[in-house]
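Peer 1: model this:
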Amino acid sequence: MKFGTLDFEPAASRNELVSAAVRDIAARNPEILVAPIDPALSDTAAFCEHYGIGMGQSANCVIVEAKRAERVWYAAVVVLATTRADLNGIVRKKLEARKVSFAARDDAIKMTGMEFGGITPIGLPGELSLLIDAHVTQQEYVVIGSGVRQSKLLVKPAVLTQLPNAEVLDLAQ
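Peer 2: Numbering: from 1, shown residues only. Predicted coordinates:
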């Protein structure tokens, strides 16, 4: 399937283009498509410009750290590149945390088993809450990370909303 200037194909047939965490899920879901990209262009703005994909069709997955008293836990937040998540309002309240911030890079890599800049909601550890901004679900398709920087996934938002612990909220600031 052509999207922007990229040709996407079933991720199940291109295991070398996805992280180990994504492989098992992709093997069971032919709707998860993948395309190789230049890893130097995996950051959203550069990727969208180079490959002709609108920022509103690209979604980012970030790992956040929540704290309350001595307890620390993590969650994943998915928003369109055109949207800014309200971490210290909506996300903090949803997670019932006193404070929410972006997880440290090394912590995000270690917990997800994915490369930083390629973290995807597909294949996240089961204990993580997955908060998806409602704007993501309004797209026909979204481009997301693949767990590695050398490719991107193309999925219908329903693929994301059916993932374990997924919840759709209006996360926009």
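Peer 1: show me what contacts residue 153?
Peer 2: When contacts are counted by CB atoms under 8 Å, 6 or more residues apart in numbering, residue 153 is found next to 11, 18, 22, 32-34, 120, 122, 143-146. Every C-beta, even on glycine, is put in place using the N, C-alpha and C of the backbone.
Peer 1: for residue 11, same thing?
Peer 2: Taking CB under 8 Å, 6+ apart as the definition, contacts of residue 11 comprise 17-18, 22-23, 26, 32-34, 146, 153.
Peer 1: which of the residues you listed sit farthest apart?
Peer 2: Pairwise distances among those were taken by CB to CB; the largest, 14.2 Å, belongs to 23 and 33.
Peer 1: neighbour count: the two, which is higher?
Peer 2: Neighbours per residue (other CB atoms under 10 Å) separate residue 23 from residue 33, with residue 33 holding more: 26 against 19.
Peer 1: does the more buried one really touch residue 1, like I thought?
Peer 2: Yes - under the criterion of CB atoms under 8 Å, residue 33 makes contact with residue 1 at 6.1 Å.
Peer 1: what's the closest of the contacts of residue 153 to residue 90?
Peer 2: residue 144 (20.7 Å).
Peer 1: who are the packing partners of the helix or strand containing the closest one?
Peer 2: Using DSSP states H and E, residue 144 falls within strand 142-145. For strand 142-145, the elements it packs on are strand 59-68, strand 151-155, helix 157-161, judged by 3 or more CB pairs under 8 Å, 6 or more residues apart in numbering; DSSP states H and E.
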